[in-house]
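# I would like the atomic coordinates for the input below:
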Amino acid sequence: MIAVVWNMGNRRAAWDYLVDELRPDLALLQEFTPRLKDSKHGQIVHAATDPGGLWGSAVYVEHGVARELPLPDEHRGWLMAAEVELPGHDALVAVSVHASIRPTVRPNIDRAFEALEPLLAGRSFVLGGDLNLSRLYDEVNRTTDHTEFLDALPDAVSSTASRSSTPENSRPTACGRLSTRIRTTMSSSAAISPRESPAATSPPVAKSSSATVSATTAR
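Below is the predicted model of the structure:
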């Protein structure tokens with residue numbers, strides 16, 4: 001599966017590059033507006049941050065089906081969660097996250113991840129987005145809020161992915177194990193999985209920090 005995480009900055013050129021050059025199976029998008037989308041490409045579920053507005057977060061699939069999952073109104077447009085079915089893959093939950101900085105990123109991002117926990121517990125999922133977090137911010141401002149969240153993220157994801165609401169799923173599977181595979185990427189740009197080669201050209205990227213987290217519970 002090719003997955004892309006991208007704050008598109010409401011740019012048509014970004015959308016064109018995504019669908020024509022990167023051609024991902026799945027994309028988790030922030031600062032997306034429906035006017036960017038060419039209807040001949042894939043399916044998008046999208047929500048705006050403000051009533052009557054356009055700008056918000058989205059989940060895109062090139063082939064397959066994406067169904068929006070319910071989230072509290074306070075996170076509408078900042079979070080987009082969808083159950084995704086892609087050809088040749090088991091169903092999973094895909095989440096696009098854009099952490100609000102109104103008035104500060106924390107505790108907004110803490111509440112956002114708390115809202116996501118019931119949707120992700122015991123499920124295979126891919127989560128990524130523009131977290132608006134930076135270790136450099138803490139260094140410059142002599143704070144620790146951003147670093148504390150980033151440091152805790154891998155363990156939080158591992159715990160969520162392993163948790164199940166049914167005893168059956170907590171027992172070893174037919175292959176004799178219950179494993180959780182976690183991949184985290186923290187950087188100052190969107191995380192891209194090139195289709196052809198690691199040397200493939202990367203798109204323009206947003207300045208804010210982003211993270212991609214994927215977790216799969218073996219069955």
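# can you list the low-confidence ranges for this protein?
For the chain, the stretches flagged by pLDDT under 70 are 38-40, 158-219.
# show me where it has helices.
For the chain, applying DSSP state H gives helices covering 12-17, 105-120, 135-141, 145-162, 167-170.
# which neighbouring elements make contact with the fourth one?
If you count contacts as 3 or more CB pairs under 8 Å, 6 or more residues apart in numbering; DSSP states H and E, helix 145-162 packs onto helix 105-120, helix 135-141, strand 180-187, strand 210-217. No exception for glycine: its C-beta is placed from N, CA and C like everyone else's.
# show me how far that helix is from its chain's centre.
How far helix 145-162 lies from its chain's middle: 14 Å, per CA atoms, centre = their mean, to the nearest Å.
# so residue 60 sits right up against residue 26, yeah?
Yes: contact criterion CB atoms under 8 Å: residue 60 and residue 26 qualify, at 7.1 Å.
# quick one, which of these two is more surrounded?
Neighbours per residue, other CB atoms under 10 Å: of residue 60 and residue 26, the larger number sits with residue 60, 29 against 26.
# so what's the more buried one up against?
Each residue near residue 60 by CB atoms under 8 Å, 6 or more residues apart in numbering is listed here: 18, 24, 26, 27, 28, 29, 42, 43, 44, 66.
# contacts only, for the residue nearest to it when sequence neighbours are not counted.
Computed as CB to CB, 6 or more residues apart in numbering, the closest residue to residue 60 that is not its neighbour in sequence is residue 27, at 4.1 Å. The contact partners of residue 27, by CB under 8 Å, 6+ apart, come to 3, 4, 5, 6, 18, 58, 59, 60, 61.
# which ones among those are found in strands?
3, 4, 5, 6, 58, 59, 60, 61 (DSSP state E).
# neighbour-wise, which of those leads?
residue 6 leads those on contacts (other CB under 10 Å) with 31 neighbours.
# coming back round to it: now flag whichever of the ones in strands among the contacts of residue 27 is closest to residue 150.
Among the ones in strands among the contacts of residue 27, residue 5 lies closest to residue 150 (CB to CB), at 15.4 Å.
# hmm, back to that, would you turn the contacts of residue 60 into JSON lines with distance to residue 156?
Listed next are the contacts of residue 60 as JSON lines, based on distance: CB to CB, whole Å:
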{"residue": "18", "distance to residue 156": "29"}
{"residue": "24", "distance to residue 156": "25"}
{"residue": "26", "distance to residue 156": "22"}
{"residue": "27", "distance to residue 156": "24"}
{"residue": "28", "distance to residue 156": "18"}
{"residue": "29", "distance to residue 156": "23"}
{"residue": "42", "distance to residue 156": "30"}
{"residue": "43", "distance to residue 156": "29"}
{"residue": "44", "distance to residue 156": "28"}
{"residue": "66", "distance to residue 156": "25"}
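# between all of those, which two are separated the most?
18 and 66 (15.3 Å).
# neighbour count: these two, which is higher?
Each of residue 18 and residue 66 has its neighbours counted (other CB under 10 Å); residue 18 has more, 24 against 21.
# could you verify my assumption that the more buried one touches residue 6?
Yes: contact criterion CB under 8 Å: residue 18 and residue 6 qualify, at 6.7 Å.
# neighbours of residue 43, how many?
Residue 43: 16 neighbours (other CB under 10 Å).
# tell me how far it lies from residue 147.
Per CB to CB, to the nearest Å, residue 43 is found 37 Å from residue 147.
# now swap in residue 115 and tell me
23 Å.
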